[in-house]
Structure formats: C-alpha cells, structure tokens
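Asks: Starting from these lines, generate the structure:
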Amino acid sequence: MQSIFEALELINNFIWSKLAFALIISLGGYFSLRSRFFQVRKIGSITRSFFFFFRERSTKQRGIHPLKAFFAAVGGMIGIGNVVGICTAVAIGGPGALFWVWIGGLFGMLLQYAEVYLGLKYREKNSTHNYNGGPMYYLPAAFSSKTLKKWVAYIAAFLLCVYGTEIFMFNVMADSIVVNWHIDQKLVVAILLAATLIVALGGIKRVGEVCSAIIPLFIFLYFCMCFWVLACHAAELPRVLGEIFQGAFTTQAAQGAFSGCTVATAISMGLSRGAYSGDIGIGYTSIIYAESQSKQIQRLASLTIIGIFLDTFVICTLSVLVVLVTGHWKSEIDVSLMVQEALGLHFPYMQYFMPFFLFLLGYTTILSYFVVGVKCAKFLAPQWGSRLYFIFASLSLPLFAFVEATQAFTVMSLTGALLLLLNLYGLLKLRKEVAFDLFRVRKHQDIEN
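Replies: Presented below is the predicted three-dimensional model:
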C-alpha cells in the first residue's frame with residue numbers, strides 16, 4: 001500500500017508542477033488580461049454585489065437565497081485545508097510555496113468565476129423545485145462529438161462523487177479530537193459520521209444555514225488570534241517575506257527538520273494546496289451556486305472572488321505566516337499541530353480549543369462537499385444514485401480515518417488534479433462565452449431558465 005501511495009504522489013506532483021501550473025497560469029492569465037484584471041479592478045463593485053444580495057428576499061419560487069449558496073460554497077473552501085493542508089505546502093515546499101499559493105489564488109479567482117458563470121448559464125430546472133448545474137452541464141458544450149458530450153459529463157460526475165467524500169478533512173478532524181481529548185477513535189469516527197449523514201440529508205439549503213452561522217465567527221476569531229501572533233513577531237516579518245519571494249524562484253536549502261526543495265516542488269506544493277483549499281478548477285463551487293434563485297449570473301458569479309480572497313489571501317496566508325514567524329514550519333512536529341503549537345505560544349488551552357475549531361471547520365467542509373457528491377450521484381443514477389453514495393461515503397470516510405493524513409490528502413489532491421485538467425479544458429473551449437462586464441446591460445447578462 002505504501003508503494004501505491006508513493007506512485008500516486010509522484011503522479012500528483014507531476015500534474016500539479018507541470019500540467020496544472022501551465023494551465024492555471026495561461027488560462028488564468030488570459031482571463032485576467034481579457035478582463036483587464038477584473039478581480040482587482042472591480043473589487044469595489046464586487047463587494048457592493050455582496051451587500052446587494054443582503055437586500056434580496058428569499059422567494060417560494062425556484063432556488064435558494066444567493067447568500068446561502070455563497071456561504072455553502074465558502075464553507076467548502078474555508079476549512080481544515082486552510083489550517084493544516086496549507087501548512088504541508090511550506091513543510092515540504094518551503095516558504096516560497098506561499099508565493100505560488102498567491103499566484104494560484106489571483107488567477108484562480110477568474111477561473112472559478114468562469115466555472116460558476118458557465119454553471120449558471122447552462123443550469124437546468126429539476127423536479128424538486130430547484131436547479132441542477134455544474135461541470136456535467138457545461139462541459140458537454142465544449143465538445144462536438146455526441147459520444148464525448150455524454151461521457152465527459154459522466155466522468156466529471158464520477159470524479160466529483162469521489163472528491164465529494166472529504167476523506168482528508170474527516171481524517172484530520174477525527175485525529176485531532178482523539179489526540180487532544182483522548183477519546184476512543186472508533187467512537188469519534190462513529191459520531192462524526194452520524195453527524196455528517198444527518199445534516200447532509202437536508203441538502204444545500206440546510207448546509208448553507210449551518211455554514212452561515214459558523215463561518216463568520218471562525219473568520220473573526222482566527223483573524224484576531226493570528227494577527228496578534230504576527231504583531232508579537234513583527235520584527236520577523238521582513239525576513240520571512242524575503243524568504244517567501246526568494247524561495248519562490250530558487251532552490252531552498254535544508255533548515256532544521258526541513259530537508260530542502262527545488263523550485264518545482266515549491267510550485268507543486270503551493271499550487272496544489274492553494275487550489276485544493278480554494279477548490280479552484282474543481283467545479284464543485286459551480287454546482288452549489290447553480291441552486292441560487294438569482295438570475296443575475298455575473299453579479300452572483302463575482303461573489304466567488306470574495307470567497308477566494310478570504311480563503312487564500314486571508315486565512316491561508318495567516319496560517320502560513322504564523323508558522324513561518326514562529327519557526328514551527330521547520331520543526332519535527334506533525335503538520336496538523338503546527339498552527340496549534342504556534343498559537344499556543346500566546347494563547348492558553350489550545351489543545352482544547354483547536355480540536356473544537358478544526359471540528360467546526362471540517363464539519364462545514366465535509367457537509368458542503370457531501371451534498372455536491374449526492375447531486376453528482378443522482379446525475380449518474382437518478383433513481384438510486386443518492387442511496388449508493390450514502391453507502392459509499394459511510395464506508396470510505398471511516399476507512400480513511402485510520403490511515404495517514406498524507407495518504408488521504410494524496411487521494412483528494414489527485415482527484416482534484418484530474419477534475420482541474422478536465423474543467424480547465426472546458427473553460428478553454430468555452431472561454432468566449434464568459435462575460436466580465438458586471439453592471440453593463442447585455443442580452444445574456446440574466447439567463448432565464
């Protein structure tokens with residue numbers, strides 16, 4: 001099994017450091033140049049769009065409120081990957097990996113915008129008074145062959161079913177509770193699985209309600225704690241920033257437990273962990289946004305830029321800077337404990353607080369991914385797909401709770417890499433259909449389904 005996972009990791013690193021790097025930079029750069037860096041230039045208008053949806057009332061017609069879709073999507077992005085997964089980027093790729101996390105986030109904003117835009121444009125009404133959308137509906141438009149149209153939708157749905165079963169988050173969440181609170185692992189796994197299945201039955205609407213209650217509190221608390229640690233180590237920040245920019249383009253020497261790495265490793269770690277954390281190029285976000293009641297697809301799609309900003313440039317950056325300024329990134333402690341130990345230098349009882357924190361984060365992410373997996377399973381088999389998916393998740397989540405976290409992450413990262421290659425090819429073929437004139441009235445601005 002160890003040899004199998006090592007082979008999978010080699011394939012994963014090749015895709016992220018070579019293929020994914022080229023696609024994210026080239027296609028993300030294309031959208032940035034074509035829109036004249038819409039994600040930066042129109043940030044004020046995008047922020048106003050967020051508050052615009054606060055005034056929109058929920059209707060009894062088709063779809064859910066736009067902000068519930070937003071928080072459900074952000075609930076999937078902001079999670080354990082922002083605290084633990086992102087630390088593996090610098091633990092393996094060194095400080096320079098953070099620079100490539102930023103690059104992936106900057107270009108990934110428009111890649112995710114394009115995904116959601118196309119997901120809304122090609123969405124279809126369903127029998128449950130809602131919408132279906134996502135890669136299964138817009139990817140076929142990128143192919144001319146009828147056979148390819150059919151199979152590309154099924155392949156995307158299958159990969160999203162695997163990706164929707166968040167084995168890495170479940171593993172880290174269970175392990176954190178077991179190690180810090182000394183509770184029997186089997187009991188923890190059973191309780192977490194039951195809590196996931198019960199809430200997931202309520203669909204995206206219920207998940208959106210849970211996430212909208214948890215995510216704002218998390219962002220505020222985590223920001224305050226990390227900012228305090230950085231303020232206490234302000235004298236280290238110039239040196240750390242220098243290491244980030246230098247390490248992004250040069251081979252990094254061994255320091256402490258850090259064994260050193262090449263530029264390719266820094267790129268692979270930064271892009272893969274950043275894309276995984278922000279769900280860039282995966283297509284998951286477009287499935288959630290497709291359920292929104294709003295028909296203002298450009299305004300709604302622009303909210304993804306706020307989500308990526310919070311995920312990458314706030315939460316991920318704070319996590320990495322905290323372990324860099326305190327020196328924990330080159331220590332021999334497990335990556336799941338790096339942020340906990342760094343915050344523990346200034347805050348007491350972190351061994352109790354962080355497991356609860358990770359539980360909240362992991363729980364919202366697992367729920368968001370799970371409901372997407374259910375929708376994809378229904379696409380594959382409308383009659384019994386959801387039942388099979390619940391059985392699949394009920395077996396795979398506990399199974400991967402008893403393996404190493406890095407092995408669970410490899411499976412998720414590799415699945416995400418395959419989805420990214422498929423999705424970015426579709427975005428490349430459909431690139432001219434994506435519009436960025438946020439408030440200009442055009443015939444295709446609002447799509448009536």
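Asks: Contacts for the strand or helix carrying Leu343 next, please.
Replies: Element membership of Leu343 [criterion: DSSP states H and E] is helix 338-344. Surrounding helix 338-344, the residues in contact under the criterion Cβ atoms under 8 Å, 6 or more residues apart in numbering are 83-84, 87, 91, 225-226, 229, 319, 322-323, 326, 328-329, 331, 333, 350-351, 354. C-beta here means a position set from N, CA and C on the backbone, and glycine is covered the same way.
Asks: where along this structure do the strands fall?
Replies: 124-125, 131-132 (DSSP state E).
Asks: now the protein, which segments are flagged as low pLDDT?
Replies: The chain contains residues with pLDDT under 70 at 60, 202-212, 214-215, 438-449.
Asks: that older thread, got CSV for the strands of the chain, with mean neighbour count and distance to His233 too?
Replies: Putting the strands of the chain into CSV (neighbours: other Cβ atoms under 10 Å; distance: least, Cβ to Cβ, whole Å) gives the following:
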stretch, mean neighbour count, distance to His233
strand 124-125, 11, 52
strand 131-132, 22, 47
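Asks: Which one, of the ones you listed, ends up nearest to Phe143?
Replies: Closest to Phe143 of the strands of the chain, according to Cβ to Cβ: strand 124-125, at 17.9 Å.
Asks: Residues in contact with the closest one: which ones?
Replies: With Cβ under 8 Å, 6+ apart as the contact definition, strand 124-125 has outside contacts at 62, 131-133, 137, 449.
Asks: Return the closest of those with respect to Ala97.
Replies: If you rank those by distance to Ala97 using Cβ to Cβ, Gly133 comes first, at 33.2 Å.
Asks: and the closest residue to the closest one other than its chain neighbours, how many neighbours does it have?
Replies: If the residues on either side of it in the chain are set aside, Gly133 comes closest to Ala290, at 2.5 Å by Cβ to Cβ, 6 or more residues apart in numbering. Neighbour count for Ala290, taken as other Cβ atoms under 10 Å: 29.
Asks: from memory Ala290 sits against Tyr117, does it?
Replies: No. Ala290 sits out of contact with Tyr117 when judged by Cβ atoms under 8 Å, with a separation of 10.7 Å.
Asks: got the contact list for the residue nearest to Gly133?
Replies: Taking Cβ under 8 Å, 6+ apart as the contact definition, Ala290 lies against 119-120, 123, 131-134, 137.
Asks: swap the cut-off to 10 Å and go again
Replies: 63, 69, 116, 118-124, 130-134, 137-138, 204, 297, 300, 375, 449 (Cβ atoms under 10 Å, 6 or more residues apart in numbering).
Asks: Of these, keep whichever come out buried.
Replies: Of all the contacts of Ala290 considered here, the ones buried according to neighbour count by 16 or more other Cβ atoms under 10 Å are 63, 69, 116, 118-123, 130-134, 137-138, 204, 297, 300, 375.
Asks: from these, which ones fall inside helices?
Replies: Assignment to helices by DSSP state H places the following of the buried ones among the contacts of Ala290 there: 69, 116, 118-121, 137-138, 204, 297, 300, 375.
Asks: Using JSON lines, lay out those together with distance to Ser268.
Replies: JSON lines is the format used below for these (distance: Cβ to Cβ, whole Å):
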{"residue": "Ala69", "distance to Ser268": "32"}
{"residue": "Val116", "distance to Ser268": "26"}
{"residue": "Leu118", "distance to Ser268": "27"}
{"residue": "Gly119", "distance to Ser268": "28"}
{"residue": "Leu120", "distance to Ser268": "32"}
{"residue": "Lys121", "distance to Ser268": "33"}
{"residue": "Tyr137", "distance to Ser268": "31"}
{"residue": "Tyr138", "distance to Ser268": "28"}
{"residue": "Ile204", "distance to Ser268": "32"}
{"residue": "Ile297", "distance to Ser268": "34"}
{"residue": "Leu300", "distance to Ser268": "33"}
{"residue": "Lys375", "distance to Ser268": "31"}
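Asks: What is the nearest of these to Leu421?
Replies: Each of these was checked against Leu421 using Cβ to Cβ; the closest is Tyr138, at 15.7 Å.
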